[in-house]
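> got a predicted structure here, sequence first:
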Amino acid sequence: MKLYIKYMVSTRCKMVVKEELKKVGLHFIIVDLGEVEIMEDITEEKRSLLKKGLLFSGLELMEDKKAILIEKIKNVIVEMVHHSDELPKINFSDFLSEKLSHDYTYLSNIFSEVKGITIQQFIINHKIERAKELLLYDEYNLTEISYKLNYSSVAHLSNQFKKVTGLTPSHFKKLKDRRRNPIEEIGD
């Protein structure tokens, strides 16, 4: 049986979910970002306990079909931008459609309707947040970051960076207060 969990965006979240599943006596097969497969059917009592335990940790057990699909879209984007070494070289709309087995137009319309932001803008926000992270780590120069995030040029990355943050990447790097946003708050 599959369960879907909102705000599950990191390895730490996976650990929290595994602990909560153990507490309620559920056995998991797979715990992935936003998605858990358990061995048994879940009773209403266990569902309620799990829901309460997850809420305490800032996570949410989801039941609405649209919300589940939105969460899947967000998780694919977070996984792609924040947890993989390179972004796919194919068109992202094709990548998302293939990954979620839905037409991109359908995914895009539902996402925009529910989130009030386009999938494209959501991706841009995450790519800029990832660029901020990479700039702060100081392991890569801007050319390497633009390549890593699949930008066509440094100028393109710089323009989007300035549009989203109000700062150039070099100015951002010089700031003392280098505020970054938690992944789960981007695009909300």
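The structure has been received and is ready for your questions. Numbers count the residues shown, from 1 in each chain.
> how about the strands in the protein?
Here the chain has its strands, by DSSP state E, at 2-6, 28-32, 35-38, 60-62.
> other residues contacting the second one?
Outside strand 28-32, the residues that touch it by CB atoms under 8 Å, 6 or more residues apart in numbering are 14, 17-18, 21, 36-39. No exception for glycine: its C-beta is placed from N, CA and C like everyone else's.
> what about the closest residue in space to residue 138 that isn't next to it in sequence, how many neighbours?
For residue 138, the nearest residue in space outside its immediate sequence neighbours is residue 173; the separation is 8.0 Å by CB to CB, 6 or more residues apart in numbering. The burial count assigned to residue 173 is 14, neighbours taken as other CB atoms under 10 Å.
> now residue 173: how far from residue 156?
18 Å (CB to CB, to the nearest Å).
> what do you get for residue 123?
Computed as CB to CB, the residue 123 to residue 156 distance reads 14 Å.
> quick one: contacts for the residue sitting furthest away from the middle of the chain?
Ranked by distance from the centre of the chain (CA atoms, centre = their mean), the top residue is residue 45, with 29.7 Å. Contact criterion CB under 8 Å, 6+ apart gives no residues in contact with residue 45.
> again, but for residue 20
Contacts here follow CB under 8 Å, 6+ apart; on that basis residue 20 touches 50, 53-54, 57.
> go with 10 Å
With contacts defined as CB atoms under 10 Å, 6 or more residues apart in numbering, the neighbours of residue 20 are 5, 26, 36, 49-57, 59, 61.
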